[in-house]
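[1] give me coordinates for this.
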Amino acid sequence: MRIKSFYEQDFSDFTYRFSDQIKSEIEQKGKEYVLNVNEEEYKNYLVSQFELVPLEILKDTEEIYKPKVQLEDYEDRFGRGMHKREVYVFTVSYSFTGTAFLFRLKPSTWTMTTNEIEVDERNNNVSFSFKLYEKDPNKFEQTKNREYHDAFVNISNLNNEVKNWNRQIKGMVENQFNSLKEKYIKEDEFFQAIKVKVNPATKTIFDASPVKRKIIPQLPKVTDKKFVSEPSLNVGVYEDILKILYETGKNLEKKPSMYIGKGEEALRDFFLVFLETRYDGVTATGETFNRGGKTDILLKDSKDSSNIFVAECKIWHGISEYQKAIDQLFENYLTWRDSKVAIMIFVKNKEFSKVLSEIKEDTPKHKLYSKKVGERGESSFSYIFHLPQDNDKKVFLEIILFHFDKE
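    Next up is the predicted model:
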């Protein structure tokens, strides 16, 4: 979408309508659902759905594209006659994290400037363009910095409002849910309730506490995705898959009895059990043939059997084996249509920090590396690679490491 940054719509108007959607979301579930659902789970689910993620521009991912050169009419300084001159049109892009729609919203405290930007929500990329009339590196840098400032100067003000909104959501959900439930109870019309099915494995296996367990909110169906020419995994679901893998692995680290003596296949199965039953319309399998070999975890669309997520699991055996794991994934397992993948690494070394440093230092040296997107956590790193047979085909690669050091 091409927009004026932080200018299109007042944040207050947006959140006013957003709060109405909370009420509508609950009402649409109906009486039986509201009276019988696990309240804590459903309220946490609603909070997760209406939370906004603050924006962050990843400046170290800056890309400057080759400029377009065009001729432009101009008058001389005395206003005499029309002349032609060359102008260079530059486009500069950055990766970002956060809720893409926020680029449209105008915070109540607003610095009076904006810039035209283009937001690629699917690839989490934002860019702006500007003209340069002189082949002057200093002028280029000054112009680029001014355009960047105008485009993103309001991001901190907007993020402050996002944080305030997120703090209010829980209270809004409580009020709307409790009010509607009280209304239904007073109507005294009770029917056979439809119980919410919760998979026992995902409910208890990694509970941190018997009193208060971690709630994993259910996502919309994977079938809710944009039409594109090749199979594409909804960005929100892709983020959820990576979150589930990361949180599952971190919890597994706390329970040595569950990983001691386990090899790659057994450890993989712990993660697979969560993916198998989490998404409607998706099948999750292990050790499945794809292109030139068997991949450890493969998520497929149940309707047309197209791949939507591929992951490999490896026990850490040094940086050279790590580079070979990337080669194996990209050269043997991925087809042209596979664009969202992960490598999970189980580290049994005592010096986990040293391994993380090696990963950060050596990953950019790989021949298929394009750029780093960011870090999902202390041991989860996001990159963009390209296919060996197609330099223009982007592949999102998440490297996730877990520390299983007990023997």
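
[2] could you list the low-pLDDT ranges of the stretch 1-150 of the chain?
    Applying pLDDT under 70 to the stretch 1-150 of the chain picks out residues 74, 76-82.

[3] can you do 90?
    Applying pLDDT under 90 to the stretch 1-150 of the chain flags the ranges 1-3, 8-52, 60, 69-86, 98-101, 104, 110, 112, 120-124, 133-135.

[4] and the helices in it, which stretches?
    For the stretch 1-150 of the chain, the helices defined by DSSP state H, counting those that start in this stretch occupy 11-29, 31-36, 39-50, 137-152.

[5] how about the last one: buried residues?
    Think helix 137-152. If you call a residue buried by 16 or more other CB atoms under 10 Å, then helix 137-152 has these buried ones: 140, 143-144, 147-148, 150-152. Quick note: C-beta positions are derived from backbone N, CA and C, even for glycine.

[6] so can I have a markdown table of the residues you listed showing distance to residue 51?
    Shown next, in a markdown table, are those (distance: CB to CB, whole Å):
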| residue | distance to residue 51 |
| --- | --- |
| 140 | 39 |
| 143 | 37 |
| 144 | 33 |
| 147 | 31 |
| 148 | 28 |
| 150 | 29 |
| 151 | 25 |
| 152 | 22 |
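
[7] that older thread, possible to save the helices of the stretch 1-150 of the chain as a markdown table with distance to residue 246?
    Output for those, formatted as a markdown table (distance: least, CB to CB, whole Å):
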| stretch | distance to residue 246 |
| --- | --- |
| helix 11-29 | 27 |
| helix 31-36 | 30 |
| helix 39-50 | 16 |
| helix 137-152 | 28 |
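
[8] out of those helices, the one nearest residue 321 is which?
    helix 39-50 (37.2 Å; CB to CB).

[9] so what's the most centrally placed residue in the chain scoring on pLDDT?
    In the chain, the centroid-proximal residue (CA atoms, centre = their mean) is residue 239; its distance is 4.0 Å. Turning to residue 239, the model gives it a pLDDT of 78.

[10] ok, now how distant is it from residue 160?
    23 Å (CB to CB, to the nearest Å).

[11] please apply the same query to residue 102.
    12 Å.

[12] got a list of what the closest residue to residue 392 other than its chain neighbours touches?
    Closest residue to residue 392 in three dimensions, ignoring its sequence neighbours and counting by CB to CB, 6 or more residues apart in numbering: residue 386, at 7.1 Å. Contacts for residue 386 were tallied using CB atoms under 8 Å, 6 or more residues apart in numbering; they are 368, 370, 392-395.

[13] what's across from residue 386 in the sheet?
    On the basis of DSSP bridges, residue 386 is bridged to residue 394.

[14] next: residue 301.
    For residue 301, the beta-bridge partners under DSSP bridges are residue 282.

[15] okay, now it: neighbour count?
    17 (other CB atoms under 10 Å).

[16] mind listing what's buried along stretch 323-334?
    Buried, per 16+ other CB under 10 Å, within stretch 323-334: 325-326, 328-330, 333-334.

[17] re the thing from before, which SSE is the residue nearest to the centre of the chain in?
    Using DSSP states H and E, residue 239 falls within helix 235-253.

[18] tell me what that helix is packed against?
    For helix 235-253, the packing partners by 3 or more CB pairs under 8 Å, 6 or more residues apart in numbering; DSSP states H and E come out as helix 256-259, helix 264-276, strand 307-315, strand 340-347, strand 369-377, strand 390-403.

[19] what sits against residue 360?
    Shown in contact with residue 360 (CB under 8 Å, 6+ apart): residue 381.

[20] now it: how far from residue 348?
    For residue 360, the distance to residue 348 equals 20 Å [CB to CB].

[21] go on, residue 43?
    From residue 43 to residue 348 the distance is 40 Å (CB to CB).

[22] pick out whichever of the two has more residues nearby.
    A direct count of neighbours by other CB under 10 Å for residue 43 and residue 348 places residue 43 higher, at 21 against 16.

[23] pretty sure the more buried one sits against residue 176.
    No. Judged on CB atoms under 8 Å, residue 43 makes no contact with residue 176 at a distance of 9.7 Å.

[24] which of residue 102 and residue 160 has more residues huddled nearby?
    residue 102 (22 against 14).

[25] what's the burial count for the closest residue to the more buried one other than its chain neighbours?
    Closest residue in space to residue 102, ignoring its immediate chain neighbours: residue 55 at 5.3 Å, by CB to CB, 6+ apart. Residue 55 has 22 neighbours, counted by other CB under 10 Å.

[26] ok, residue 55 touching residue 95?
    No. Counting by CB under 8 Å, residue 55 sits too far from residue 95 to count as a contact (11.6 Å).

[27] what's the spacing between residue 159 and residue 377?
    Separation of residue 159 from residue 377 (CB to CB): 20 Å.

[28] if you count what's nearby, which of the two comes out ahead?
    residue 159 (18 against 13).

[29] contacts only, for that one.
    Residue 159 sits in contact with 54-55, where contact means CB under 8 Å, 6+ apart.

[30] that one falls within a helix, correct?
    Yes. According to DSSP: H, G, I helix; E, B strand; the rest coil, the state of residue 159 is that of a helix.

[31] now do the same for it: its pLDDT.
    If you check residue 159, the pLDDT there is 95.
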